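*Asks:* Based on what follows, work out the 3D shape:
(one chain, ligands or ions: 2)
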Amino acid sequence: MNRNLQQLFNMAEKESRLGIGLMSGTSLDGLDIALCRFNGTGLNTTFELLHFTTIAYEQDFKQDVLSVFAQKQVDLQKLCLLNAKIGSLHAEMILSALKQWRVQVEKVDFIASHGQTIYHAPRRLHQLPGYPDATLQIGDGDHIAVKTGILTISDFRQKQIAAGGEGAPLALYGDVILGSKTGENRLLLNIGGIANITYLPGDGGQVICTDIGPGNTLIDAACRKYFNKPYDEDALIASSGKVNSELLQALMDHPFFEEALPKTTGPELFSLAYVAEAQRNSATIAIAPEDLVATLTAFTAKVIVDFLRESLQNKVDQVFVSGGGARNPVVMQHLSEHLPTVQIQDTEAIGINPDAKEAILFALLGNEAIAGEPLAISSNPAVLMGKFSFPL
Ligand SMILES: Nc1ncnc2c1ncn2[C@@H]1O[C@H](COP(=O)(O)OP(=O)(O)OP(=O)(O)O)[C@@H](O)[C@H]1O
Ligand SMILES: CC(=O)N[C@H]1[C@@H]2OC[C@@H](O2)[C@@H](O)[C@@H]1O[C@H](C)C(=O)O
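*Replies:* Ligands and ions are numbered 1, 2, ... in the order given. Modelled structure (predicted):
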């Protein structure tokens, strides 16, 4: 047997695997790196988070990525260069994290890399007849595998699209495996750039995993534009402004919120252009920048509250929050005020570090790709995802 397949075969037969999960989300704040020990697969998976770090992106690099991010027209050469560069950069970041943790490279069985989403184009967004649902993540896995010497699994979303999904949210698989509990109607809420949820009914009923609207992406974009800040740390800007109810109403007025579940979205829709149009429609173009940030923050929170009340008809007993938005006190305050009967905690309460959650979920998908079986969850595609890159 060829040595790559032999290595894979041996790894699939092991009782436990050490895997690194990588996530660099739509917020472009940096690379999340989670080193996890997995035992078992599928619904019998147990995991331990051994180490976690986020390595921040440098400002120039972030600007470079932003230049090709979520836009219909980009510099194609830049996109091509970044595909290789991001792979190499992520490899360097992994090696530096392993060094810092004093973990030997040889001990790690696999890397599961999400890559950098550059464009997400579900049919509902592009509306071009004859074209499928599509999404693009860059940061090629071969560069990571060759540079680190570790088997790398990457580009998870394409398979899910090929099997009939929109390529997101992939949190579904890990959320069901790690978050379900019989007898509890749970909601796992991730407030990243985009907010997504997994509803896990306690009676084994239909699981729903969907994007629901903007998480931090509009707040971040407004902070970049008006305050030259990457985000509204501790919601200090939002707290200094007033929510403009006309603008809030106009922001809510979009067919995305009425569309059937599950659905996905991204900064391609929820952008400053979206905000500008809502401002025009509500004659609020002249509002103060801090009022704009306050209103965008209220928008993020209201979308979540409305979703729980309307789409899930108040059936949720417990919400477990993850992602950077869990650190936004104005968003969190709004949730607890408007959902008084729901217990809201972060995912630490179910043993998942809320900052590391998405990186853990990708590590788990890597573990499944190596040794799992396709998991049928409600009507979602039952597939094993990811492409294998061998170091040699
Ligand atoms: N202390 C804080 N106060 C307010 N907001 C915060 C704080 N810390 C993080 N955030 C928000 O969280 C964002 C980062 O969130 P996260 O890393 O979960 O996003 P992501 O993984 O890039 O997104 P996605 O999951 O949508 O791809 C920041 O850009 C910021 O908006
Ligand atoms: C295309 C893409 O990268 N989507 C991300 C994004 O960030 C949050 C939300 O939109 C979610 O749908 C998805 O990521 C998470 C990790 C997921 O697939 O579950």
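
*Asks:* Run a quick neighbour tally on the residue of the chain found nearest ligand 1.
*Replies:* Nearest to ligand 1 in the chain, going by Cβ to the nearest ligand atom, is Gly324, at a distance of 1.8 Å. For the C-beta atoms, the positions are set from N, CA and C on the backbone; glycine is no exception. By other Cβ atoms under 10 Å, 20 other residues sit near Gly324.

*Asks:* so who does it touch?
*Replies:* Ser27, Asp29, Ile191, Gly192, Gly215, Asn216, Tyr231, Asp355 (Cβ atoms under 8 Å, 6 or more residues apart in numbering).

*Asks:* which one of those has the most neighbours?
*Replies:* Gly215 (30 neighbours).

*Asks:* surely that one meets Gly325?
*Replies:* Yes - under the criterion of Cβ atoms under 8 Å, Gly215 makes contact with Gly325 at 4.9 Å.

*Asks:* shared neighbours, these two?
*Replies:* Residues within reach of Gly215 and of Gly325 at once, by Cβ under 8 Å, 6+ apart, are Ile191, Gly192, Ala195, Thr300.

*Asks:* Next to ligand 1, which bits of the stretch 101-250 of the chain? Give me the list.
*Replies:* When proximity is defined as Cβ under 6 Å from any ligand atom, the stretch 101-250 of the chain approaches ligand 1 at 190, 192-194, 215-216, 219-220, 231-235.

*Asks:* So which of those residues are in helices?
*Replies:* Among those, DSSP state H puts Ile219, Asp220 in helices.

*Asks:* Write out the residues of the stretch 251-392 of the chain neighbouring ligand 2.
*Replies:* Near ligand 2, when you scan the stretch 251-392 of the chain using Cβ under 6 Å from any ligand atom, you find Thr264, Gly266, Glu358.

*Asks:* Separate out the buried members of these.
*Replies:* Neighbour-count burial (16 or more other Cβ atoms under 10 Å) is assigned, among those, to Thr264, Gly266, Glu358.

*Asks:* Remind me which helix or strand the first one belongs to.
*Replies:* Yep, that's Thr264 we're talking about. Here Thr264 is covered by no helix or strand, with elements defined by DSSP states H and E.

*Asks:* could you list every residue that touches it?
*Replies:* Thr264 is in contact with His120, Pro122, Glu166, Gly167, Ala168, Pro169, Thr210, Asp211, counting by Cβ under 8 Å, 6+ apart.

*Asks:* and the two most separated of the shared contacts of Gly215 and Gly325?
*Replies:* Spatially, the most separated pair among these is Gly192 and Thr300, at 11.1 Å (Cβ to Cβ).

*Asks:* what's the overlap in contacts for the two?
*Replies:* Common contact partners of Gly192 and Thr300 (Cβ under 8 Å, 6+ apart): Gly215, Asn216, Gly325.

*Asks:* Please tabulate those residues in a markdown table, including the columns pLDDT and distance to Leu296.
*Replies:* Shown next, in a markdown table, are those (pLDDT from 0 to 100; distance: Cβ to Cβ, whole Å):
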| residue | pLDDT | distance to Leu296 |
| --- | --- | --- |
| Gly215 | 97 | 11 |
| Asn216 | 97 | 9 |
| Gly325 | 97 | 12 |
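
*Asks:* Show me the helices in the stretch 101-250 of the chain, by range?
*Replies:* 123-126, 141-148, 157-162, 171-179, 217-227, 236-240, 245-252 (DSSP state H, counting those that start in this stretch).

*Asks:* mean confidence score for the last one?
*Replies:* So that's helix 245-252. Mean per-residue pLDDT for helix 245-252: 98.

*Asks:* What residues of that helix count as buried?
*Replies:* Leu247, Leu248, Ala250, Leu251.

*Asks:* ranges for the strands of this protein?
*Replies:* Ranges of strands within the chain are 16-24, 30-39, 46-56, 110-121, 134-138, 152-154, 186-191, 194-200, 208-214, 318-322, 343-346, 387-389, based on DSSP state E.

*Asks:* list the contacts for whichever residue of the stretch 201-350 of the chain sits closest to ligand 2?
*Replies:* Of all residues in the stretch 201-350 of the chain, Asp211 sits closest to ligand 2, at 4.7 Å by Cβ to the nearest ligand atom. Listed by Cβ under 8 Å, 6+ apart, the contact set of Asp211 reads Ala168, Pro169, Ile194, Ala195, Asn196, Pro262, Lys263, Thr264, Thr265, Gly266.

*Asks:* Now do the domain split for this protein, please.
*Replies:* When the chain is parsed with automatic domain parsing, its domains come out as 3-167+356-389, 171-350.

*Asks:* Output the buried ones among the residues of the stretch 251-392 of the chain next to ligand 2 in CSV, with pLDDT appended to each entry.
*Replies:* Formatted as CSV, these follow (pLDDT from 0 to 100):
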residue, pLDDT
Thr264, 98
Gly266, 97
Glu358, 98
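
*Asks:* Same list, these, but as JSON lines with distance to Asp317 please.
*Replies:* Below are these laid out as JSON lines (distance: Cβ to Cβ, whole Å):
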{"residue": "Thr264", "distance to Asp317": "26"}
{"residue": "Gly266", "distance to Asp317": "30"}
{"residue": "Glu358", "distance to Asp317": "24"}
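
*Asks:* any idea which of the residues you listed is closest to Phe256?
*Replies:* Using Cβ to Cβ, Thr264 is the member of those that lies nearest Phe256, at 10.1 Å.

*Asks:* and the two most separated of the buried residues of helix 245-252?
*Replies:* Leu248 and Ala250, at 7.4 Å, using Cβ to Cβ across those.

*Asks:* you'd agree Gly167 is up against Asp155?
*Replies:* No - look at Gly167 against Asp155 with Cβ under 8 Å: they stay out of range, at 10.3 Å.

*Asks:* higher neighbour count, the two?
*Replies:* Gly167 (24 against 20).

*Asks:* which ones are touching the more buried one?
*Replies:* Residues in contact with Gly167 (Cβ under 8 Å, 6+ apart) are His120, Pro122, Asp133, Ala134, Thr135, Arg157, Gln158, Gln160, Ile161, Thr264.

*Asks:* Perfect, that will be all.
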